[in-house]
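Asks: prediction below, plus the sequence it came from.
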Amino acid sequence: YEVTESNGNYNYSRSTAYAYVPFYHAGARIYAPVPGLAALTATFYLVNGVYNTPTMGVQNDSKRPGYMGQLNYTDPKGKFTLISELGLDKQKDPLALGTGIGTKVVVNDNNFTYNFNANQLAGLDYVYRKLTPDGGGKDTVNAYAIYYRQALTAKTAAALRFSSGDEKVDDGLGGTTHGRPYDITATYEVKPVANFLTRIEYRHDHNNQAVFFSGNDDGVSGPSRKDQDTLSLSGVFTFAQ
């Protein structure tokens with residue numbers, strides 16, 4: 001639902017749920033309308049690795065491809081869209097931790113968008129992910145994001161978002177960690193011309209663990225805060241041939 005191109009999203013920053021899904025993957029893509037259901041499209045991806053990282057590249061030592069399938073249903077009346085995607089794979093170190101351990105990957109991303117009218121819409125994203133390393137243990141994630149966008153004029157809009165994640169990590173040796181981050185985000189958008197938009201955005205992040213740096217951190221002892229507030233001003237240009 002959220003995409004890598006910022007101008008395609010309601011907010012400038014990405015949701016907490018977005019952090020758990022694959023950012024990109026490469027492979028063969030096949031899609032076609034489902035016979036008898038013109039509003040339903042099925043897509044199949046044959047990929048080298050479901051999870052790739054920009055710093056380590058494709059980490060896949062299974063000697064076999066990964067698989068991703070997607071079903072996309074659009075209401076013929078244009079009121080709502082439902083998208084569900086499932087990815088299955090076994091690859092090396094999908095979290096780029098440097099362990100090199102073969103890991104079974106299951107990731108499911110579900111998105112629902114509802115249009116109240118031409119200027120008002122809402123969205124819901126639910127993500128499930130499970131990573132099972134060969135050496136034991138598991139990493140299980142349940143995350144979601146709720147979106148609301150209101151077009152104020154032909155060139156301005158406002159958007160609100162709440163997203164949260166719940167990640168339980170079992171190291172297979174009796175140790176567990178439980179992360180529960182969330183964000184609250186408000187965005188005001190102005191699009192003066194077709195190929196440029198600007199956004200001012202306030203975001204509040206919270207985590208049950210201290211993962212954020214404060215202004216007094218020495219850069220050695222590590223993060224010391226559970227909350228972070230961000231105010232950003234951004235400009236997004238769109239280039240077309």
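Replies: Arrived safely, thanks for sending. Numbers count the residues shown, from 1 in each chain.
Asks: hey, which helix or strand in the protein has the poorest pLDDT?
Replies: In the chain, no helix or strand scores lower on mean pLDDT, DSSP states H and E than strand 57-58, which sits at a mean of 58.
Asks: which secondary structure elements does the next helix or strand after that one contact?
Replies: Following strand 57-58 in sequence order, the next helix or strand is strand 66-74 (DSSP states H and E). Strand 66-74 makes packing contacts with strand 37-47, strand 80-92 when contacts are defined by 3 or more C-beta pairs under 8 Å, 6 or more residues apart in numbering; DSSP states H and E. From N, CA and C alone the C-beta is placed, and that goes for glycine too.
Asks: so the very next helix or strand once past the last one versus strand 66-74, what angle?
Replies: To tie it back to what came earlier, the one meant is strand 80-92. The element immediately downstream of strand 80-92 (helix or strand, assigned by DSSP H and E) is strand 102-117. Strand 102-117 runs at 10 degrees relative to strand 66-74, counting by axes from the mean of the first three to the mean of the last three C-alpha atoms, to 10 degrees.
Asks: what's the angle from strand 102-117 to strand 80-92?
Replies: Using the same axes, to 10 degrees: strand 102-117 against strand 80-92 is 170 degrees.
Asks: strands paired with strand 102-117, and their directions?
Replies: Using DSSP bridges, the strands paired with strand 102-117 are strand 80-92 (antiparallel), strand 120-133 (antiparallel).
Asks: average pLDDT for that strand?
Replies: Per-region confidence: strand 102-117 scores 94 on mean pLDDT.
Asks: mind listing what's buried in it?
Replies: 102-105, 107, 109-113, 115 (16 or more other C-beta atoms under 10 Å).
Asks: Serialize those residues to a markdown table and add fields for distance to E5.
Replies: Conversion of the buried residues of strand 102-117 to a markdown table gives the following (distance: C-beta to C-beta, whole Å):
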| residue | distance to E5 |
| --- | --- |
| G102 | 33 |
| T103 | 29 |
| K104 | 31 |
| V105 | 25 |
| V107 | 21 |
| D109 | 17 |
| N110 | 21 |
| N111 | 16 |
| F112 | 21 |
| T113 | 17 |
| N115 | 21 |
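Asks: surely A19 and S163 touch.
Replies: No - if you go by C-beta atoms under 8 Å, A19 and S163 don't touch, sitting 9.3 Å apart.
Asks: quickly list what's touching both of the two.
Replies: Residues touching both A19 and S163 by C-beta atoms under 8 Å, 6 or more residues apart in numbering: A143.
Asks: on that earlier part again, export the helices and strands packed on strand 66-74 to TSV and tack on distance to S214, mean neighbour count and mean pLDDT?
Replies: Below are the helices and strands packed on strand 66-74 laid out as TSV (distance: least, C-beta to C-beta, whole Å; neighbours: other C-beta atoms under 10 Å; pLDDT from 0 to 100):
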stretch	distance to S214	mean neighbour count	mean pLDDT
strand 37-47	40	15	82
strand 80-92	36	18	91
